[in-house]
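>>> sequence and predicted structure are below.
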Amino acid sequence: MMYTALHFQRTVGKTLLGLVVLFLFSSHTLLGQTSMGPVFEEGNAAYNEGDFGKAATLYEQVIKMGQHSAALYYNLGSAYYKLNKVAESIYYFEKAKRLAPNDEDIRVNRAFAQNMTIDAIEVLPTSQLKTLQNRVFSALSLESWALLTVLLAWLLLAAIVAYLTFRSSRSKRNFFALAMLFIVGFIGSFSIAMSIYNQQEETVEAILFSKKVEIRSEPNERSEILFLLHEGTQLQVLDELQEWQKIRIANGSEGWIKNGSIRRLDAPN
């Protein structure tokens, strides 16, 4: 039994290496939420006074200082919404939603901003299994899943140490059961965190900032124009070829944009 416990410890130790990047990113995000300082408060004061342009400028300064949080992105999206800047508003509401996927205020205001867009794009229906997966994945942000995974790993190690330390059979059984419980939780949260991470890495989401662009069937100006898109549309970037970008929108339609002005949601600001 001692060999099994030590084997668990080595396995967990190796697995934790894969969480280092997620954990550091999570710590950076949490620090950003608590250290935005007087510039952020000055932006809030400007917003409350109705000076939305000044508020947006101040919030942008906070981002340039290296601070990032759902509250910051939400306030910036709200300021741009008041300024009737559709693409900017949707962009920052979407970034806020990534950090706080269950925040009702973000969801509602994101919907209000979406109503300002010209293009009404019907989202493709998803299967029940995919819907369930999306609900589980969106229960916490990526950073929160990563932190939960690290916490469960430490609890697992503590349970293993306690199992090896205590002599009584009853205590050993209790800590062994706890270790099994933490293993299941660790594997589940780790799998979810890595799935979300890989999904975000493989799927390049962006917001269109061009007022109007033509979507063509091929990356050349002689090809057929399939449809038009306007600012504020959310899309996926599938490929790039010189000044052309292949994109997909929510209804599954694909095409090529030439010199489209888009901002990727995984960008630092």
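Perfect, I can see it now.

>>> so what's V237 closest to, chain neighbours aside?
In space, V237 comes closest to V204 once its chain neighbours are excluded; the distance is 4.2 Å by C-beta to C-beta, 6 or more residues apart in numbering. Where C-beta positions appear, they are placed from N, C-alpha and C, glycine not excepted.

>>> who's in contact with that neighbour?
Neighbouring residues of V204 by C-beta atoms under 8 Å, 6 or more residues apart in numbering: 236-238, 264, 266.

>>> and for Q234?
90, 94, 205-208, 249-250 are the contacts of Q234 under C-beta under 8 Å, 6+ apart.

>>> what about the most centrally placed residue in the chain, is that helix, strand or coil?
By C-alpha atoms, centre = their mean, the mean C-alpha position of the chain lies nearest to R98, the distance being 3.3 Å. On the three-state scheme (DSSP: H, G, I helix; E, B strand; the rest coil), R98 is labelled helix.

>>> pLDDT score assigned to it?
Predicted confidence (pLDDT) at R98: the value is 88.

>>> relative to Y59, how far out is it?
Taking C-beta to C-beta, to the nearest Å as the measure, R98 and Y59 are separated by 17 Å.

>>> same question, L132
Computed with C-beta to C-beta, the distance linking L132 and Y59 is 36 Å.

>>> next one: M116
Applying C-beta to C-beta to M116 and Y59 gives a distance of 19 Å.

>>> by contact count, what packs against the helix of greatest length in the chain?
Ranked by residue count and defined by DSSP state H, the top helix of the chain is helix 169-202. Judged by 3 or more C-beta pairs under 8 Å, 6 or more residues apart in numbering; DSSP states H and E, helix 169-202 is in contact with helix 2-17, helix 128-137, helix 142-165.

>>> so where's the stretch 151-269 of the chain uncertain?
Scanning the stretch 151-269 of the chain with the threshold set as pLDDT under 70 gives 268-269.

>>> stretch 223-235 spans what distance, first to last residue?
Start and end residues of stretch 223-235 are separated by 21 Å (C-alpha to C-alpha, to the nearest Å).

>>> what comes up buried for it?
Of the residues in stretch 223-235, 229, 231-235 count as buried by neighbour count, 16 or more other C-beta atoms under 10 Å.

>>> ok, stretch 144-159 next?
144-150, 152-153, 155-157, 159.

>>> what do you get for stretch 246-253?
Under the neighbour-count rule (16+ other C-beta under 10 Å), stretch 246-253 has 246-247, 249 buried.

>>> put together CSV for these, with secondary structure and distance to A111 on each row.
Formatted as CSV, the entries for the buried residues of stretch 246-253 read as follows, by DSSP: H, G, I helix; E, B strand; the rest coil; distance: C-beta to C-beta, whole Å:
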residue, secondary structure, distance to A111
K246, strand, 28
I247, strand, 23
I249, strand, 18
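
>>> which of these lies closest to L181?
The shortest approach to L181 among the buried residues of stretch 246-253 belongs to I249, at 43.4 Å (C-beta to C-beta).

>>> ok, that closest one touching I121?
Yes - because the distance of 5.5 Å satisfies C-beta atoms under 8 Å, I249 is recorded as touching I121.
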